[in-house]
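1. give me coordinates for this.
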Amino acid sequence: MSEPVKMLYLPKTMSNWPWPRKINLHYEEVSAESNAWFHGFKTLTKHSQDAFDKCDVGRLASLTYPSALHQEHLRTGCDLMNLFFVIDEYTDVESASVVREMVDVVIDALNNPHKERPEEEIVLGQVAKEFWELAITNASLASQKHFIESFTDHVNSIVLQAEDRDNNKICTIDEYLETRRENVGARPSFFIGELHLNLPDQAFYHPTVKEQEYLIADLLVLDNDIVSFNREQATGDVRHNILTIFMHQFSIDFDGAMKWVCEYHAEIEAKFLDIVKKVPSFGPEVDGELAEYIESIANSPRGNYCWSFEGGQYFGKRGFEIQTTRLVPLMPKIQRDTNLKTDHVVVSLVEL
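-> Reported below is the predicted structural model:
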């Protein structure tokens, strides 16, 4: 392999995606409400809470769900992003056995939202319980079933990621994508676009619809791995990234890996746009709801891509500048204290 790069170039992977950037009109008000709810759990240290606030996950929800007409729907989206975030921060420094225990708590809370959580239980259970207890007041029964299924798959995949981390394993590309499609959180996040719909199983589980979901998940994975690579290599958590995996599997340099990722991204875009035309008809009423659902999931990669530059998680205050120049200096290594776990989770926010 060649010498490590000193400057990273971020390609414009979404330049041809037909869905433009939009943000929900209720962003500021609803994001503030959700953040106030999340702050009440005191899941993070003061420093980490400040770092988390700079990430602005409410903006992520508002960019991902710009067409959510009801404030309650956007609130569910913001709360879901908070839940994703805190599960990720709690689990990514723990062993697989501890992650399994955490995941089981979350699964139980979602399946029993009206059950009181034990006082000694990790706070993830209470966060999941309150999220779902509010969400189901505005969600159709069909969407609730689909969310429980997809979120269970999501958190179970986090355990698999922890096992790989414990074993210092670098997956093959196929292994990585199979797991990452689930733990990127795409499928459960699609719930917000479905919660007011009543899609029958024959439509929701149709192979063309499932393929579209996984193609969108792949776009989210690729774009997330591109923008997060710098932060991950700085904090020593770069094994779980498609660029690292490609470099390792094919003994190729960073530029070669990035070229392949961009080509694969374009290939996935083309597949999605083609399969959208092949969705069968299920009758006028179902077709209208299904079209609305597909429109919602198709916006997800655009929303996530824009948030990568507009939120502060990856580029601090320089997001808009980097979105223009596409150039990011390689960050120096920083030490993340993995001994600070559970009630002392530390959010690593790298300021350029």
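2. and the spatially closest residue to F190 that is not a sequence neighbour, how far from G319?
-> The shortest distance from F190 to any non-neighbouring residue, by Cβ to Cβ, 6 or more residues apart in numbering, is to I297 (5.0 Å). (Glycine included, C-beta is placed from N, CA and C.) Applying Cβ to Cβ, to the nearest Å, one obtains 25 Å for the distance of I297 from G319.
3. which one's more surrounded, those two?
-> Neighbour tally, I297 and G319, criterion other Cβ atoms under 10 Å: the higher count belongs to I297, 23 against 20.
4. my guess is the more buried one contacts G193, does it?
-> Yes: with contacts defined as Cβ atoms under 8 Å, I297 counts as touching G193 at a distance of 6.1 Å.
5. hang on, S97 is in a helix, isn't it?
-> Yes: secondary structure of S97, determined by DSSP: H, G, I helix; E, B strand; the rest coil: located in a helix.
6. E211 is in contact with D274, isn't it?
-> No: counting by Cβ under 8 Å, D274 is not a contact partner of E211; they are 10.4 Å apart.
7. looking at the two, which one has more neighbours?
-> Summary of the neighbour comparison: E211 and D274, criterion other Cβ under 10 Å, with E211 having more neighbours (15 against 10).
8. quick check: mean pLDDT of stretch 208-219?
-> Taken as a whole, stretch 208-219 carries a mean pLDDT of 98.
9. go on, stretch 273-282?
-> The pLDDT scores in stretch 273-282 average 96.
10. ends of that stretch, how far apart?
-> Here the two ends of stretch 273-282 are set 20 Å apart, with distance taken as Cα to Cα, to the nearest Å.
11. and it, how far from the chain's centre?
-> Centre-to-centre, stretch 273-282 and its host chain are 25 Å apart (Cα atoms, centre = their mean, to the nearest Å).
12. in it, what's buried?
-> I275, V276, V279, F282 (16 or more other Cβ atoms under 10 Å).
13. what's in contact with stretch 112-128?
-> Applying Cβ atoms under 8 Å, 6 or more residues apart in numbering, the external contacts of stretch 112-128 come out as 38, 41, 43, 82-83, 86-87, 90, 101-102, 105-106, 108-110, 129, 132-133, 136, 342-343.
14. oops, could you answer that again for stretch 99-111 instead?
-> Under the contact criterion Cβ under 8 Å, 6+ apart, stretch 99-111 has outside partners 87, 90-91, 94, 115, 117, 121-122, 124-126, 128-129, 132, 148, 151-152, 155-156, 158-159, 162.
15. which of those are buried?
-> 87, 90-91, 94, 117, 122, 124-126, 128-129, 132, 148, 151-152, 155-156, 158-159, 162.
16. next step: the residues you listed restricted to helices.
-> If you go by DSSP state H, those have 87, 90-91, 124-126, 128-129, 132, 148, 151-152, 155-156, 158-159, 162 in helices.
17. related to what we said a few turns ago, how about the contacts made by the residue nearest to F190?
-> I297 makes contact with F190, G193, Q212, E213, I216, according to Cβ under 8 Å, 6+ apart.
18. which among those residues count as buried?
-> With neighbours counted using 16+ other Cβ under 10 Å, those contain these buried positions: F190, G193, Q212, E213, I216.
19. what two of these are the furthest from one another?
-> In terms of Cβ to Cβ, the buried ones among the contacts of I297 reach their longest pairwise distance at G193 and Q212, which sit 12.2 Å apart.
20. ok now stretch 178-191, how far from the chain's centre?
-> Going by Cα atoms, centre = their mean, where stretch 178-191 is centred and where its chain is centred differ by 7 Å.
21. let me redo that: stretch 260-273
-> The answer for stretch 260-273 is 19 Å, by Cα atoms, centre = their mean.
22. could you pull out the buried residues of it?
-> Residues of stretch 260-273 classed as buried: W260, V261, Y264, H265, I268, E269, F272 (neighbour count, 16+ other Cβ under 10 Å).
23. is A234 in contact with I334, as I believe?
-> Yes: with contacts counted by Cβ under 8 Å, A234 reaches I334, the gap being 5.4 Å.
24. more crowded one of those two?
-> Remark: of A234 and I334, A234 carries more neighbours, 18 against 11, as counted by other Cβ under 10 Å.
25. show me what contacts that one?
-> Taking Cβ under 8 Å, 6+ apart as the criterion, A234 is in contact with M331, P332, K333, I334, V350.
26. same list, those, but as TSV with pLDDT please.
-> Formatted as TSV, the contacts of A234 follow (pLDDT from 0 to 100):
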residue	pLDDT
M331	84
P332	83
K333	80
I334	75
V350	48
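27. can you show me the helices along the stretch 201-350 of the chain?
-> If DSSP state H, counting those that start in this stretch is used as the criterion, the helices of the stretch 201-350 of the chain fall at 201-204, 207-235, 242-250, 254-275, 284-310, 319-325.
28. how about the buried residues of stretch 273-282, which pair is most distant?
-> Within those, I275 and F282 form the most distant pair, 15.9 Å apart (Cβ to Cβ).
29. what about the helices in the stretch 1-150 of the chain?
-> Secondary structure of the stretch 1-150 of the chain (DSSP H, counting those that start in this stretch): helices at 27-39, 46-55, 57-64, 71-91, 96-111, 124-135, 141-166.
30. got a markdown table for those helices, with mean pLDDT too?
-> Compiled in a markdown table, these are given as follows (pLDDT from 0 to 100):
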| stretch | mean pLDDT |
| --- | --- |
| helix 27-39 | 96 |
| helix 46-55 | 80 |
| helix 57-64 | 97 |
| helix 71-91 | 95 |
| helix 96-111 | 98 |
| helix 124-135 | 98 |
| helix 141-166 | 96 |
